[in-house]
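> need a structure here:
(one chain, ligands or ions: 1)
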Amino acid sequence: MAVVKRTSSNSELSTALENFYGAAEEMGLSEGLIEILSRSERMLCVSIPIEMDDGSIKVFEGFRVQHSSAIGPAKGGIRFDHEVCLDECEALGIAMTWKCALAGIPYGGGKGGVCVDVTKISKKEKEKISRTFAARIEPIVGAWTDVPAPDMNTDGQVMVWFTDTISKMRNRLEPAIFTGKPPLFWGSLGRNEATGLGVATCAIELLKVEGIDPKGATVAVQGFGNVGSFTAKFMAEAGAKVVAVSDLSGSYFNPAGIDIKAAFDHISNPANKKLLTGFAGAEFKEGGDAVIFADCDILMPCAGGSQITGKNADKIKAKYIVEGANYPTTPDGDAILKSKGIIAIPDFLANSGGVIGSYFEWCQDLSGYFWSKEEYNERLVKIMSNNFRDVWAYAKEKNVVMRRAAFMKAIQRVADRVEMRGVFM
Ligand code: GLU
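Coordinates of the predicted model:
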């Protein structure tokens with residue numbers, strides 16, 4: 001009996017499935033394992049009724065998907081975004097399974113989100129959405145079942161609202177259910193910068209194996225949120241020249257190198273609403289995607305999904321792509337990168353610093369013993385560098401591109417656990 005392949009009209013889920021089936025086929029994975037791993041264990045849809053500031057009632061939709069718990073508790077972020085839907089959450093949950101397996105941390109994969117335009121809600125409304133969502137997903141989350149974290153438009157404060165709501169419902173403090181909390185409340189020093197530090201570490205390792213000195217290497221970073229801004233900062237600290245950055249307000253170019261500290265100061269000014277609008281240290285170009293075509297060594301997409309596609313990949317000038325965002329490249333875009341000889345470091349390897357950092361936080365919360373930032377960063381860089389080199393060596397050994405090598409390694413690790421644990425009943 002041949003495997004009936006799942007398909008989806010959602011771009012990210014379609015990419016997730018296509019990448020999985022392609023790697024599974026190349027590995028010769030059994031049909032039973034393909035059937036199991038191509039589906040999610042549990043998907044929860046919730047409604048979130050909120051009394052808005054003007055007294056009206058609005059109902060938002062929320063989701064939590066647990067793709068796999070073969071290795072350990074489901075792990076993955078919760079995003080607040082107007083494009084959130086069940087398929088997107090499933091795609092991102094699948095990516096988390098491979099990300100955690102490849103990272104070598106004891107988790108499965110999950111993801112969740114609320115469909116909401118965050119630019120249209122107040123802080124009070126955001127708190128109500130967070131707390132009601134936490135209460136709705138309470139039956140399926142826990143330190144040993146499913147451990148959410150921040151993602152697009154959610155942060156430490158949202159994690160505190162989640163933790164506080166569930167702790168009060170259960171009448172006991174539950175700090176290890178959510179990671180990405182602020183250091184002030186059971187969070188970990190280093191977690192806020194962790195994803196960016198990991199992306200930059202991967203890029204620097206890549207330059208090293210390619211024999212390029214990071215000092216003077218040129219990079220372009222798409223997105224200046226948590227991931228993009230810290231990626232740019234750590235690349236600049238390593239001596240690289242950040243020649244272009246972007247965000248929702250547009251793209252900003254400076255061939256002499258953008259002053260990243262000045263860009264941080266700009267977005268920190270409350271008047272600029274966390275955006276680069278009006279940033280003086282660079283030449284402005286309309287559209288956040290202009291940065292994709294920047295003249296540079298490394299392009300680092302750190303914003304939304306499906307940015308590098310069959311329609312634009314041939315115009316990319318960079319020699320390397322290091323993916324900070326989840327699913328920034330579609331399979332047809334990827335095929336063009338491959339044909340042009342552009343080396344792409346896949347999202348679930350390059351951006352795994354965030355979840356590795358979450359793992360550190362979870363360990364600290366469970367033991368009630370907290371590490372210094374130096375210890376946290378040192379361990380993170382070591383794990384990221386080792387993981388990069390492992391996948392690099394495996395890609396050479398199997399004569400496949402980095403994305404395929406990373407998938408094969410990760411899928412095998414999950415498949416081994418499924419086989420060892422057995423199919424239930
Ligand atoms: N949202 C981040 C990611 O996509 C972090 C997930 C986590 O820490 O659980 O990797």
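
> have a look at this structure and report its longest helix.
helix 373-398 (DSSP state H).

> now that helix: buried residues?
Neighbour-count burial for helix 373-398 flags 376-377, 379-381, 383-385, 387-388, 390-392, 394-395 (criterion: 16 or more other C-beta atoms under 10 Å). For the C-beta atoms, the positions are set from N, CA and C on the backbone; glycine is no exception.

> and if you look at stretch 216-225?
Ala217, Thr218, Val219, Ala220, Val221, Gln222, Gly223, Phe224, Gly225.

> all strands of the stretch 151-300 of the chain, in order?
All strands of the stretch 151-300 of the chain, identified by DSSP state E, counting those that start in this stretch, fall at 218-222, 241-247, 250-253, 283-285, 298-301.

> can you add distance to Ala405 and give the ones you listed back as a markdown table?
Listed next are these as a markdown table, based on distance: least, C-beta to C-beta, whole Å:
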| stretch | distance to Ala405 |
| --- | --- |
| strand 218-222 | 23 |
| strand 241-247 | 28 |
| strand 250-253 | 32 |
| strand 283-285 | 35 |
| strand 298-301 | 19 |
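
> wait, which of those strands is closest to Gly32?
Closest to Gly32 of the strands of the stretch 151-300 of the chain is strand 298-301 (C-beta to C-beta; 35.3 Å).

> and that closest one, what does it pack against?
helix 191-209, strand 218-222, helix 226-237, strand 320-322 (3 or more C-beta pairs under 8 Å, 6 or more residues apart in numbering; DSSP states H and E).

> can you list contacts of that strand?
By C-beta atoms under 8 Å, 6 or more residues apart in numbering, the residues outside strand 298-301 that reach it are 199, 203, 206-207, 217-223, 228, 231, 235, 240, 291-292, 307-308, 316, 318-325, 328-329.

> for the stretch 201-350 of the chain, which residue gets nearest to the ligand?
The ligand sits closest to Asn326 of the stretch 201-350 of the chain, with a gap of 5.5 Å, by C-beta to the nearest ligand atom.

> ok but Arg64 is inside a helix, no?
No - the assignment for Arg64, made by DSSP: H, G, I helix; E, B strand; the rest coil, is strand rather than a helix.

> next, count neighbours for the spatially closest residue to it that is not a sequence neighbour.
Nearest-residue entry for Arg64: Gly112, 3.8 Å, with adjacent residues in sequence omitted and distances by C-beta to C-beta, 6 or more residues apart in numbering. Using other C-beta atoms under 10 Å, Gly112 is surrounded by 30 other residues.

> now do the phi/psi pair for Gly112.
phi -150, psi 180 (degrees, to the nearest 10).

> just to revisit the earlier point, average pLDDT across the helix or strand following the longest helix of the chain?
Following helix 373-398 in sequence order, the next helix or strand is helix 402-421 (DSSP states H and E). For helix 402-421, the mean per-residue pLDDT is 98.

> buried stuff in helix 402-421?
So, applying 16+ other C-beta under 10 Å, buried residues of helix 402-421: 402-411, 413-415, 418.

> output those as TSV; include the columns distance to the ligand.
TSV is the format used below for the buried residues of helix 402-421 (distance: C-beta to the nearest ligand atom, whole Å):
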residue	distance to the ligand
Met402	18
Arg403	16
Arg404	20
Ala405	20
Ala406	14
Phe407	16
Met408	20
Lys409	17
Ala410	14
Ile411	18
Arg413	17
Val414	16
Ala415	21
Val418	21
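
> tell me which residue is most central in the chain.
Centroid check for the chain by C-alpha atoms, centre = their mean gives Asn326 as the closest residue, at 4.8 Å.

> test my guess that that residue contacts Ser306.
No - counting by C-beta atoms under 8 Å, Asn326 stays clear of Ser306, with 10.3 Å between them.

> now the common contact residues for those two.
By the contact definition C-beta under 8 Å, 6+ apart, Asn326 and Ser306 are jointly contacted by Glu12.

> circling back: make TSV out of the strands of the stretch 151-300 of the chain and add mean pLDDT.
As requested, the strands of the stretch 151-300 of the chain are exported to TSV (pLDDT from 0 to 100):
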stretch	mean pLDDT
strand 218-222	98
strand 241-247	98
strand 250-253	98
strand 283-285	96
strand 298-301	98
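
> out of those strands, nearest to Met159?
strand 241-247 (23.0 Å).

> so what does the closest one touch, helix or strand wise?
Applying 3+ C-beta pairs under 8 Å, 6+ apart, one finds that strand 241-247 makes contact with strand 218-222, helix 226-237, strand 250-253.

> who in the stretch 251-400 of the chain is up against the ligand?
Neighbours of the ligand within the stretch 251-400 of the chain, by C-beta under 6 Å from any ligand atom: Asn326, Asn351, Gly354, Val355, Ser358.

> and with 5 Å instead?
Residues of the stretch 251-400 of the chain lying near the ligand by C-beta under 5 Å from any ligand atom: Gly354, Val355, Ser358.

> and the residue of the stretch 301-425 of the chain that's closest to the ligand?
Closest point on the stretch 301-425 of the chain to the ligand, by C-beta to the nearest ligand atom, is Ser358, at 3.2 Å.
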